[in-house]
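**Q** Below is the sequence, then the predicted model.
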Amino acid sequence: MTAEAMVASPSEALAADGERPLRIALLTYKGNPFCGGQGVYVRHLSRELVKLGHTVEVIGAQPYPVLDEGATLTELPSLDLYRQPDPFRTPGRGEYRDWIDLLEVGTMWTGGFPEPLTFSLRARRHLAARAGEFDVVHDNQTLGYGLLADLGAPLVTTIHHPITVDRRLDLAAAKDRKRRVSVRRWYAFTRMQKRVARRLPSVLTVSGSSRQEIIDDLGVADDRIHVVHIGADTDLWSPDPSVAETPGRIVTTSSADVPLKGLVHLVEALAKVRTEHPDAHLVVVGKRAERGPVAKAIEQYGLQDAVRFVKGVTDAELVDLVRGAQVACVPSLYEGFSLPAAEAMATGTPLVATTGGAIPEVTGTDGETCLAVPPGDADALAHALGRLLGDPALRARLGTAGRDRVLANFTWARAAEGTVARYRAAIAAQPPRKPARKSARTSARTS
């Protein structure tokens, strides 16, 4: 960016930090907030950036982001090979548009996950056609080869946590050689993400734990990584005394039946808790898996009537679901941050959470702001859940302390301010762009 471009015109309003407002391209290859934390990040960060006075254009693929008023969406469609109700589909001949589509299908046919690479290639092409329209490009964990090209603006990348962590846990849970081969093929894209991450000039991450994982797993230089905590929408996720507690309700969020989320351990813990608290039941915000470890555990322990899955609910319905729980639980083996923990705490609902990854950075001290247990320990989970279900005073104390912690440390407004500071640092570090050299034909035509 040239020095001239950084100077605001006299009539241009200033952003909240007193500087020129920025034009931000926010990239997300998978942006629906009901598909996981990346979509939640895009929705809330874009809203708060707009509130600070910046222009935000989200450029995303299916499932498309859900955005609040102010940010705009540009659809950059993939072939949507994993859509419901026909995942792993073979597109019709008329759906193919170019070689990137062929690459996407070919990678899926060989057992790989193509979306980070193919989205990055489409994004590179799209941004090249719009050179000069943005002050900064912010990638939300695509980490594809296409983003190593000149994008027409400085690149800032968020890595929530290295997907190599998911790969390790899935390999450890694989039952046989055939499953291990399948896991390795699916996660083949992590090799690309390692190579790309090491070449990135500016990386944002959401916790100190994730920062260390990025250094250790991806080999990114520590001076290129900056922690900007995210958080909860504390206006939406707030206490409401008019919502009555449902006796025995435990609520958790799990967008997928994968080892990382630890849901199978929570199901086992629920079976133990019900021996002393027969009204205990679990509400899972996420899609029910008809097969897999969780489905088997529910059947094994006879919990078909004690575990309910909900999806597709409105924000207000989801918040009331958490408000009405006696206990919220995060049973994950690892989290790069844990938005569900912050959101539950923001409602004043007492929390039981593991100490996996960055979760303790969010939840705070055991016995003061939450009850903390080791990851993967169903007995410890059961003990903590039973303790809270049987102690209304403890629930009230932890609920109040949890909300106070979130308000002090983890809000989207703070996240947006910290992110803008990193944008401006990336812009300041960018060398001046050289004007394009005119060809001989162009020079002759303009002389």
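**A** On my side now, so go ahead.
**Q** According to the record, where do the domains of this structure fall?
**A** Domain assignment for the chain, taken from automatic domain parsing, gives 4-231+411-429, 249-409.
**Q** Mind listing what's buried along the helix or strand that contains residue 385?
**A** In this structure, residue 385 is located in helix 378-389 according to DSSP states H and E. Residues of helix 378-389 classed as buried: 378, 380, 381, 382, 383, 384, 385, 386, 388, 389 (neighbour count, 16 or more other CB atoms under 10 Å). In short, each C-beta sits where N, CA and C put it, glycine included.
**Q** pLDDT averaged over it, what's the number?
**A** For helix 378-389, the mean per-residue pLDDT is 98.
**Q** Distance to residue 241 added to the domains of the chain, as TSV?
**A** Formatted as TSV, the domains of the chain follow (distance: least, CB to CB, whole Å):
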stretch	distance to residue 241
domain 4-231+411-429	22
domain 249-409	9
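**Q** which one of those domains has the most crowded surroundings?
**A** Comparing the domains of the chain by mean neighbour count (mean count of other CB atoms under 10 Å), domain 249-409 ranks first with a mean of 20.
**Q** CA-only coordinates of stretch 120-136, as CSV, when you get a sec.
**A** Output of stretch 120-136 as CSV, limited to C-alpha atoms (Å, rounded to 0.1, in the frame of the first residue of the first chain):
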residue,chain,number,x,y,z
SER,A,120,-7.6,-20.8,-1.6
LEU,A,121,-7.2,-21.1,-5.4
ARG,A,122,-10.6,-19.6,-6.1
ALA,A,123,-9.9,-16.8,-3.6
ARG,A,124,-6.6,-16.0,-5.2
ARG,A,125,-8.2,-15.7,-8.6
HIS,A,126,-11.1,-13.6,-7.1
LEU,A,127,-8.8,-11.2,-5.3
ALA,A,128,-6.5,-10.8,-8.3
ALA,A,129,-9.4,-9.5,-10.3
ARG,A,130,-10.1,-7.0,-7.5
ALA,A,131,-6.6,-5.8,-6.8
GLY,A,132,-6.6,-2.5,-4.9
GLU,A,133,-10.1,-2.8,-3.5
PHE,A,134,-9.0,-4.0,0.0
ASP,A,135,-6.5,-2.7,2.6
VAL,A,136,-6.0,-6.1,4.2
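**Q** just the angle between the very next helix or strand once past the helix holding residue 385 and helix 378-389, please?
**A** Going down the chain from helix 378-389, the next helix or strand is helix 392-409, by DSSP H and E. Compare the direction of helix 392-409 with that of helix 378-389 by axes from the mean of the first three to the mean of the last three CA atoms, to 10 degrees and you get 100 degrees.
**Q** Contacts for helix 392-409 next, please.
**A** 229, 231-232, 234, 238-239, 326-327, 342, 344-351, 363-364, 368-371, 387-388 (CB atoms under 8 Å, 6 or more residues apart in numbering).
**Q** Can you flag which of those belong to strands?
**A** In strands, defined here by DSSP state E, the members of the contacts of helix 392-409 are 327, 351, 371.
**Q** Spit out the contact partners of the last one.
**A** Just to be clear, that refers to residue 371. 350, 351, 352, 353, 384, 387, 388, 398.
**Q** Mind doing that once more with 7 Å?
**A** Residues near residue 371 by CB atoms under 7 Å, 6 or more residues apart in numbering: 352, 384, 387, 388.
**Q** what's across from the first one in the sheet?
**A** Partner residues in beta bridges with residue 352: residue 329, residue 371, with DSSP bridges as the criterion.
**Q** Which parts of this protein are strands?
**A** Using DSSP E, strands in the chain cover 23-28, 55-60, 72-75, 136-140, 155-158, 203-205, 225-227, 249-253, 281-285, 307-310, 327-330, 351-354, 371-373.
**Q** For those strands, please prepare JSON lines with the additional fields distance to residue 95.
**A** As requested, the strands of the chain are exported to JSON lines (distance: least, CB to CB, whole Å):
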{"stretch": "strand 23-28", "distance to residue 95": "22"}
{"stretch": "strand 55-60", "distance to residue 95": "19"}
{"stretch": "strand 72-75", "distance to residue 95": "15"}
{"stretch": "strand 136-140", "distance to residue 95": "26"}
{"stretch": "strand 155-158", "distance to residue 95": "30"}
{"stretch": "strand 203-205", "distance to residue 95": "35"}
{"stretch": "strand 225-227", "distance to residue 95": "39"}
{"stretch": "strand 249-253", "distance to residue 95": "34"}
{"stretch": "strand 281-285", "distance to residue 95": "33"}
{"stretch": "strand 307-310", "distance to residue 95": "32"}
{"stretch": "strand 327-330", "distance to residue 95": "40"}
{"stretch": "strand 351-354", "distance to residue 95": "43"}
{"stretch": "strand 371-373", "distance to residue 95": "48"}
